[in-house]
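# quick one, what's the 3D model for this:
(4 chains)
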Protein chains: 2
Amino acid sequence: MNETDFLNDYDPSAFQRPSVAVDLVLLGIRAGRPAVLLVKRDQLPHVGRWALPGGFVGIDESLDAAAARVLREKAGMAEAHLEQLYTFGAVERDPRMRIISVAYLALLTEQAFDAALGVKPALLPAAIHVAWAGETGGPVDMLAPGGEKLTLAFDHADILATAMLRLRGKLDYSDVAFALLPELFTLRQLQDVHEAILGTALNKPAFRRRQLDKGWLMATGAYESGAAFRPAELYRFQRLMAD
Amino acid sequence: MNETDFLNDYDPSAFQRPSVAVDLVLLGIRAGRPAVLLVKRDQLPHVGRWALPGGFVGIDESLDAAAARVLREKAGMAEAHLEQLYTFGAVERDPRMRIISVAYLALLTEQAFDAALGVKPALLPAAIHVAWAGETGGPVDMLAPGGEKLTLAFDHADILATAMLRLRGKLDYSDVAFALLPELFTLRQLQDVHEAILGTALNKPAFRRRQLDKGWLMATGAYESGAAFRPAELYRFQRLMAD
DNA sequence: CCATTAATATGCATGATACATATATCTGTC
DNA sequence: GACAGATATATGTATCATGCATATTAATGG
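The predicted structure is shown next:
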């Protein structure tokens, strides 16, 4: 049966149907480590636990539009790299009712991250650092600002782990890293972002050469200011034509 | 607002909610080319057009379970490589009502593909070849058995294009190719699968060495039979431990 | 003016890959 | 039974990407 044959077979509105929500992984790099913006739940279930910000999908709203709306309403951000991550549909993922969640990955610059923390402290009370367990590239751990491990609400730890894996996988062949950097950046900043996401150190000359050979970096001729030592040149990301 | 805060804010069941369906891209290699199993619609809208088989997600059924059920009921297949692809949620993707579709990719061996065609001719009337337009690795075209181009129902052409891109991207670093091959296969068969999906010819010695170096091929010591010329050794896929 | 620090540049060894070519093993023909 | 034809399998070599060591440049601060 095709998805649209139901009018002649049965009326699905006569049955209870799953609700559809979007949940956002708001991810940025803070102090050289990956960090996500979370909300602290003040209601049952999972009172007091941290959770990903989310919202229901309206009947006249595309999934992408719903994600953008949540980004706007919850984090006060108009612009961010938004991409669909995965859809989580286990029956018991929410103890009260059936909710299917389409997870989105939102990448924030350090500036946007800090702005969201400052502007909406009530909605986004804290930044949670994401650490690769044992620094070996294994599964992720969530660390509160204090440093203690914590357990996210619902299946949000799975969502976060999926986000980190996706990010790691796309890092070297896509342009996601640039969504985490300001308009102008140095090669060292770019390498710092890669190292934070991968959780490993990279060889500097090899990294520089590889990035420059990709042809998507535009030297600006300007240099960083305020450096105690030799200032680095500022680059700009230039989207490739042959994509 | 978090996805589960609604009990204290508003009741989403009081509003119309989107329905959730799964659609399957049943993909195999036929005669050295990628092919998908489609159903011919006999109802409005898009009467007479080809469409991906799909079905609604039950209230007590996970997304993966719904995909497996559609695979079982529509194609009569108990086993196939099933993986979630992407979720399509444009508002107007179905002209009658709001349906969010979670697309799954199902990979079939040539044997399973042919069996599905033969056993369920009423449900799966035809195999449609998928061709890379211009054989240059560009966007996909769908060709009916006769050879004429055709237009799929709804946004199913987008879904199919997404499936082909995903498959191409995962081909060399994942084990998806083996889901398209029988238990025992020759290196030439493996290369044929890669070439069909990529739409380009590959260098034979380089391909062999790379595959053997991955360490996931187990030589069986047996050889293909019925070959007019030197018979090739049969290999078996052996999942790697260090995954 | 020199020590310090990091950015930038270069040289070299290593490993992966593309391509050409050689050898092995089967069938069918004469 | 030798040989041609066809394909599997193996090897050799040039080229390219990468990792790592090291040199050079440009800033600050004593």
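# paired strands for the longest strand out of those in chain A, with orientation please.
Scanning chain A for the strand with the most residues, using DSSP state E, yields strand A:19-30. Using DSSP bridges, strand A:19-30 pairs in its sheet with strand A:33-40 (antiparallel), strand A:54-56 (antiparallel), strand A:99-107 (parallel).
# avg pLDDT for that strand?
Averaged over strand A:19-30, pLDDT sits at 93.
# how about stretch A:57-68?
Mean predicted confidence for stretch A:57-68 is 96.
# can you dump the C-alpha coordinates of it into PDB?
Below are the C-alpha coordinates for stretch A:57-68, written out as PDB (Å, rounded to 0.1, in the frame of the first residue of the first chain):
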ATOM      1  CA  VAL A  57       5.900  20.700  14.000                       C
ATOM      2  CA  GLY A  58       2.900  22.700  12.900                       C
ATOM      3  CA  ILE A  59       0.400  21.400  10.400                       C
ATOM      4  CA  ASP A  60       1.400  24.100   7.900                       C
ATOM      5  CA  GLU A  61       5.100  24.200   8.600                       C
ATOM      6  CA  SER A  62       7.800  22.200   6.900                       C
ATOM      7  CA  LEU A  63      10.400  20.400   9.000                       C
ATOM      8  CA  ASP A  64      13.100  22.800   8.100                       C
ATOM      9  CA  ALA A  65      10.800  25.700   9.000                       C
ATOM     10  CA  ALA A  66      10.000  24.200  12.300                       C
ATOM     11  CA  ALA A  67      13.700  23.800  13.100                       C
ATOM     12  CA  ALA A  68      14.300  27.400  12.100                       C
END
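# work out the gap between that stretch and the centre of the chain.
Mean C-alpha position of stretch A:57-68 versus that of the full chain (C-alpha atoms, centre = their mean, to the nearest Å) differs by 18 Å.
# show me which residues of it are buried.
Of the residues in stretch A:57-68, A:Val57, A:Gly58, A:Glu61, A:Ser62, A:Leu63, A:Asp64, A:Ala65, A:Ala66, A:Ala67, A:Ala68 count as buried by neighbour count, 16 or more other C-beta atoms under 10 Å in any protein chain shown. The C-beta positions use only the backbone N, C-alpha and C, and glycine is treated the same way.
# can you check stretch A:151-159 too?
A:Leu152, A:Ala153, A:Phe154, A:Asp155, A:His156, A:Ala157, A:Ile159.
# wouldn't the second one be in contact with A:Arg49 here?
Yes: with contact defined as C-beta atoms under 8 Å, A:Ala153 reaches A:Arg49; the gap is 4.1 Å.
# find the nearest non-adjacent residue to A:Gln238, please.
Spatially, and ignoring its direct neighbours in sequence, A:Gln238 is nearest to A:Met218 (4.4 Å; C-beta to C-beta, 6 or more residues apart in numbering or on different chains).
# residue contacts, that neighbour?
Counting by C-beta atoms under 8 Å, 6 or more residues apart in numbering or on different chains, A:Met218 touches A:Tyr235, A:Arg236, A:Phe237, A:Gln238.
# go again with 7 Å.
By C-beta atoms under 7 Å, 6 or more residues apart in numbering or on different chains, the contact list for A:Met218 reads A:Tyr235, A:Arg236, A:Gln238.
# secondary structure element for it?
Assigned by DSSP states H and E, A:Met218 belongs to strand A:217-223.
# gap between that strand and the chain center?
Mean-position distance between strand A:217-223 and its chain equals 27 Å (C-alpha atoms, centre = their mean).
# ok, then the element right after it?
That would be, after strand A:217-223 and using DSSP H and E, strand A:233-237.
# that following strand close to DNA strand D?
No: shown here: strand A:233-237 not in contact with DNA strand D (C-beta under 7 Å from any atom of the strand), separated by at least 10.3 Å.
# now stretch A:173-181
No: Stretch A:173-181 lies out of reach of DNA strand D by C-beta under 7 Å from any atom of the strand, never closer than 10.2 Å.
# start to end distance for that stretch?
This stretch, stretch A:173-181, spans 17 Å end to end (C-alpha to C-alpha, to the nearest Å).
# in it, what counts as buried?
Buried residues in stretch A:173-181 (16+ other C-beta under 10 Å): A:Asp175, A:Val176, A:Ala177, A:Phe178, A:Ala179, A:Leu180, A:Leu181.
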